[in-house]
Structures are given as structure tokens and as C-alpha cells.
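# no letters, just coordinates:
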């Protein structure tokens, strides 16, 4: 009987220890820790950095002021517009517009010196105007005439069509750049 009582109490004790161990296991937390190390260097060297403060377009031409440069070229086209009997020399046109404009940039130049004294960095505003240009070409894929059967090539055979295409492309770009114009005159 003592043997049974000892066995039962031993069993109860081991169950209690197992339950306590399980409870302690539930309280264990795992954490990811980031360790940051820093190293000071007071060697007297200078570090220069540049931060962009403002960038905008000073002026853009109006869409009405755009005047394209038109180039014509004679090409021998085969199977014009799908007609197998129509092979001839044809005058094709390409139009080009170049838009010149200025970009205003204001940068903050920061010069920091690594020293024991801990000097304040030097800050300086740098303003500049940079000339830019954007070129647009008429896209022959939108042309009014094509040649060839399986390897179709499109062309502008009317000067007005090439001019209208390139002006349309330039007008879209000008409209997209409108929000980038400087708010005040520089």
C-alpha cells in the first residue's frame, strides 16, 4: 500500500513538474534585437554633401509657337497600300521639333569637418539655371501610307500629316510639364 501511495504521489509530482515546466515554456519570449555600433573619427577631414532644395522649369514655349523642321526624302516603295502592282518612287516626310527651356535648381551645400572641437557644418545655398532641350520626331508608324506585305513599313507622304503628328507629341509633353513650372519668377 505504501508502494502504491508512493507511486501515486510520485506520479502526481512528476505531472505537477511537467505542468509547471509547460507553463514556464509558455512565458518564454523571443525578441529580435538590432545592435547599432558607432565609431567616431576626428581626423580633421572634410565631408561635402549636396541636398536638392528646389527644381523647376523657368519657362516653356507655347504650343502655338512650335515650328517643326520638315525633311523630305524620296524612297522606292513596293506594294504601296497593299496593291501588288503599285511600286514607285514616293516622297516621304519626317518632322522634328526641338524645345529649348531652362531649369532652375537650388541646392544646399553642406560642408562638415570631422574634428574634436565639433564645429557646426557650413551651409550654403547654390542656385543655377541649366539649359535643357527636348527633341520630338514624327512617328512613321502613324503614317498615312504603307509599303510591303509581311514587313509593312509606314510613311508620311503628306507634309501636313508629319507636322500634325510631331506637334501633337510636343503639345502633350508641354502639357505634362505645366505643373513643373516655377511658381515665382527667378
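Looks like it came in fine. Note that this is a predicted model, so its numbers are computed, not measured.
# top strand in the chain by residue count?
Ranked by residue count and defined by DSSP state E, the top strand of the chain is strand 88-113.
# can you tell me the strand partners of the next helix or strand after that strand and which way each runs?
Moving toward the C-terminus from strand 88-113, the next helix or strand (DSSP states H and E) is strand 122-137. Within its sheet, strand 122-137 is paired with strand 88-113 (antiparallel), according to DSSP bridges.
# one step back: could you list the buried residues of the longest strand of the chain?
90, 92, 93, 94, 95, 97, 99, 101, 102, 104, 107, 113 (16 or more other Cβ atoms under 10 Å). C-beta coordinates here come from the backbone N, C-alpha and C atoms, glycine included.
# next, the nearest residue to the second one once chain neighbours are set aside: phi, psi?
Counting by Cβ to Cβ, 6 or more residues apart in numbering, residue 155 is the residue found nearest to residue 92 once chain neighbours are left out, at 4.2 Å. When read as degrees, to the nearest 10, the backbone of residue 155 gives phi -140, psi 160.
# and residue 155, how far is that from residue 80?
9 Å (Cβ to Cβ, to the nearest Å).
# in TSV: the buried residues of strand 88-113, plus distance to residue 53.
Converted to TSV, the buried residues of strand 88-113 look like this (distance: Cβ to Cβ, whole Å):
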residue	distance to residue 53
90	54
92	48
93	45
94	41
95	39
97	32
99	26
101	20
102	17
104	11
107	6
113	22
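# so where do the helices sit in the chain?
Ranges of helices in the chain, per DSSP state H, are 2-26, 159-177.
# and the last one, how far from the chain's centre?
By that I understand helix 159-177. In terms of Cα atoms, centre = their mean, to the nearest Å, the centre of helix 159-177 is set 23 Å apart from its chain centre.
# no more questions from me, cheers.
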